[in-house]
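Undergrad: Predicted model follows, preceded by the sequence.
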Amino acid sequence: MGHHPARRAALRSAFLASLAAASAPLTTAALAQDRRGVRARAPLAASPEERRILSIIEDVYRRQRYLSVPEEDGRLLRILAESIGAQHVVELGTSTGYSGLWLLLALARTGGRLTTFEYDRGRRDVARANFERAGVLDRASLVLGDAHIEISKLKAPIDLLFIDADKEGYLDYLRQLAPLVRAGGLIVAHNMASPPPDPRYVEAVTADPAFDTVFLNMDEAGVGVTLKKR
């Protein structure tokens, strides 16, 4: 037998009030952890392979210097690459492999490959060792040298391009590699807030009707995510 409408409304109000009261302490605690809002919990491994990669990501985060991106941006890279089913990701600026590990976490699920460029031999070697420890070295091609020159050798279509190298070179990287990015592919640029980005790059990805760009995490380093529409 159903409740009278007034009774149903009263029950609904009481339920919502109790739900709000129960969630208030949790929300307050979560906000206390991060002034920007609720912080997501650590990613959970869906397989032994993912568990191994995530353990190395955590180890690199805790023990090594020269992290190329914050954890939040690394997780964003993984989500973007996996969500578009990336088969070929190009990274400009390997550093010690932290961002590359997040990308390879996605590529381990999509079956894709990473081509990553680094000019510093020492950092390249550390990245190679990190990829090997994570069991993903077979999915990565590490190129040593000046990326402005070396990228001219790329021929394969690109699903996701991640630019995190010399900031004054972003526009040249875009001009050289955007033609290889497939329609529906992504161009992700790091440090769109700090240090200040090259305004020519910002203009190129926001004023061209072939692109659609949003800027994220701008209270931190900042990430520009550009969809190549055609």
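TA: That came through fine.

Undergrad: On the three-state scheme, the most centrally placed residue in the chain is what?
TA: In the chain, the centroid-proximal residue (CA atoms, centre = their mean) is L77; its distance is 1.7 Å. At L77 the chain is in helix, as set by DSSP: H, G, I helix; E, B strand; the rest coil.

Undergrad: Return the distance of it relative to F211.
TA: The gap separating L77 from F211 is 19 Å, by CB to CB, to the nearest Å. Bear in mind the C-beta positions are built from the backbone N, C-alpha and C, glycine included.

Undergrad: ditto for A42
TA: 33 Å.

Undergrad: Kindly report the same for G222.
TA: 17 Å.

Undergrad: again, but for L92
TA: L92 is 18 Å from F211, by CB to CB.

Undergrad: between those two, who's got more neighbours?
TA: In this view L92 and F211 are compared by other CB atoms under 10 Å, and L92 has more residues nearby, 25 against 18.

Undergrad: contacting residues for that one?
TA: T116, F117, A147, I151, L161, F162, I163, D164, A165, Y173 (CB atoms under 8 Å, 6 or more residues apart in numbering).

Undergrad: Go again with 6 Å.
TA: Residues counted as contacts of L92 (CB atoms under 6 Å, 6 or more residues apart in numbering) are F117, A147, I163, A165, Y173.

Undergrad: wait, doesn't the third one sit right on L174?
TA: Which is I163. No - checked against CB atoms under 6 Å, the pair I163 and L174 is beyond contact range at 7.4 Å.

Undergrad: gap between T94 and Y201?
TA: 20 Å.

Undergrad: what about the two, which has more around it?
TA: When neighbours are counted by other CB under 10 Å, T94 and Y201 differ, and T94 comes out ahead with 30 against 22.

Undergrad: what's the more buried one in contact with, if anything?
TA: Going by CB under 6 Å, 6+ apart, T94 touches G100, T116, E118, A127.

Undergrad: mind running it again at 7 Å?
TA: G100, T116, F117, E118, R123, R124, A127, L142 (CB atoms under 7 Å, 6 or more residues apart in numbering).

Undergrad: Nearest to P48 among the contacts of L92?
TA: Within these, the smallest distance to P48 is 30.2 Å, found for F117 (CB to CB).

Undergrad: So what's the residue count around the closest one?
TA: A count of nearby residues for F117, using other CB under 10 Å, gives 24.

Undergrad: what pLDDT does the residue nearest to R121 when sequence neighbours are not counted get?
TA: Of all residues not flanking R121 in the chain, L144 sits nearest, at 6.0 Å (CB to CB, 6 or more residues apart in numbering). The model reports L144 with a pLDDT of 98.

Undergrad: quick one: the strands in this protein?
TA: Secondary structure of the chain (DSSP state E): strands at 88-92, 113-118, 140-144, 158-163, 181-190, 211-216, 223-228.

Undergrad: Can you lay out those strands as CSV showing distance to E58?
TA: Converted to CSV, the strands of the chain look like this (distance: least, CB to CB, whole Å):
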stretch, distance to E58
strand 88-92, 20
strand 113-118, 19
strand 140-144, 19
strand 158-163, 21
strand 181-190, 21
strand 211-216, 23
strand 223-228, 21
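
Undergrad: Helices along the chain, start to end?
TA: Taking DSSP state H as the criterion, the chain carries its helices at 5-33, 48-63, 71-83, 98-110, 121-134, 147-150, 170-177, 199-206.

Undergrad: I'm done for today, thanks for sticking with me.
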